[in-house]
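Enquirer: kindly return the folded structure for what I paste below:
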Amino acid sequence: MSDTDPRQPSGRAPAEPEGGDAACWLDRVCAACGAIQDTAPFDRCQRCGADPEDR
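Expert: This next block holds a predicted model:
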């Protein structure tokens, strides 16, 4: 028989979920206005219309 009650918290933090966002979104940032784009590479900024080559 165990001394611990399974209904009580164990004191351990829950495991972090795997995956998530990429570590660097720099290739999605518009150099002209700073907007984050939905895709990378992007042809034109969704906010200001700047070309990403204008960096």
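
Enquirer: quickly find the element holding the most centrally placed residue in the chain.
Expert: Here the mean C-alpha position of the chain is nearest to the C-alpha of Asp21 (CA atoms, centre = their mean), at a distance of 3.0 Å. Counting by DSSP states H and E, no helix or strand carries Asp21.

Enquirer: ok, now which ones touch it?
Expert: Applying CB atoms under 8 Å, 6 or more residues apart in numbering, we find Asp21 in contact with no residue. Any C-beta I mention is one placed from the backbone N, CA and C, and that applies to glycine too.

Enquirer: kindly report the same for Asp51.
Expert: Counting by CB under 8 Å, 6+ apart, Asp51 touches Asp43, Arg44.

Enquirer: gap between it and Arg7?
Expert: 59 Å (CB to CB, to the nearest Å).

Enquirer: then Cys30?
Expert: 51 Å.

Enquirer: compare these two and say which is more crowded by neighbours.
Expert: For Cys30 versus Arg7, neighbours defined as other CB atoms under 10 Å are more numerous around Cys30 (21 against 5).

Enquirer: which residue packs closest to the more buried one, ignoring adjacent ones?
Expert: Cys45 (4.0 Å; CB to CB, 6 or more residues apart in numbering).

Enquirer: is it true that that neighbour touches Glu53?
Expert: No: assessed by CB atoms under 8 Å, Cys45 is found out of contact with Glu53, at 11.5 Å.

Enquirer: between these two, who's got more neighbours?
Expert: More neighbours surround Cys45 than the other of Cys45 and Glu53, with 20 against 7 (other CB under 10 Å).

Enquirer: and the more buried one, what element?
Expert: Judged by DSSP H and E, Cys45 forms part of no helix or strand.

Enquirer: need the phi and psi values for it.
Expert: phi -70, psi 140 (degrees, to the nearest 10).

Enquirer: now it: how far from Gly11?
Expert: In terms of CB to CB, Cys45 sits 48 Å off from Gly11.

Enquirer: what of Arg47?
Expert: 47 Å.

Enquirer: more neighbours: the two, which one.
Expert: Taking neighbours as other CB under 10 Å, Arg47 and Gly11 compare with Arg47 leading, 13 against 5.
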